[in-house]
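**Q** Compute the structure for the input listed below.
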Amino acid sequence: MGFGVSGSTAIIFLGVLIATGTLYTAAAGTAETLEDAHDSDEERLLDRRNTAITVGSVTFNNSTPNYPTDVNVTNTGTTTLSVNDTSMLVDNEYKDLSSAPSVTVDGTSGTDVWAPGETLRVELNLDDSPSRVKIVTENGISAVNATPNEVNV
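**A** Numbers count the residues shown, from 1 in each chain. Just a heads-up that it's a prediction; the model follows:
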């Protein structure tokens, strides 16, 4: 065997070595990305399992034309929620909490933190008396009150 065969074998071996290194780097990066995505998914699932809310009361005043309505929702889970990421549907119509006259968490306005055990109170002005109120948290957990209480003041 001459130098040509030995040289070409060395070049082929070097090429295989470089290709294997590149393949390993790509495979390791992909595996790490998949593992991170799986961990994030597990964290979201845990947050969903630990989230619970209860609509305590929905009251509205029928004696004025703008139907002032108070909605009280308690965070009964162990996950701290975001007020800004909470949605409200009144009679299947989305209500933007940022445009509500008053949004408080245990009497504090302007906060985004809704901790476990605290009550979110939303005051709305509606065009008609509500018959169903649904609250949806940032991770999809919801609670419904289908029996609003009418008060005449």
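**Q** For residue 69, give its distance to residue 134.
**A** As for residue 69, its distance to residue 134 is 14 Å (criterion: CB to CB, to the nearest Å). For every residue, glycine as well, the C-beta is placed using N, CA and C.
**Q** The two: which is more packed in?
**A** More crowded of residue 69 and residue 134, by other CB atoms under 10 Å: residue 69, with 21 against 16.
**Q** Verify the stated contact: the more buried one with residue 126.
**A** Yes. Counting by CB atoms under 8 Å, residue 69 does reach residue 126; the two are 5.4 Å apart.
**Q** Show me whatever sits in contact with both of those two.
**A** The contact sets of residue 69 and residue 126 overlap at 60, 90 (CB atoms under 8 Å, 6 or more residues apart in numbering).
**Q** and residue 4, what element?
**A** In this assignment (DSSP states H and E), residue 4 forms part of helix 3-49.
**Q** Tell me the helix or strand right after that helix.
**A** Next element after helix 3-49 (DSSP H and E): strand 53-61.
**Q** Find me the pLDDT at the residue nearest to the spatial centre of the chain, would you?
**A** Nearest residue to the geometric centre of the chain (CA atoms, centre = their mean): residue 138, 2.4 Å. Confidence at residue 138, expressed as pLDDT, is 93.
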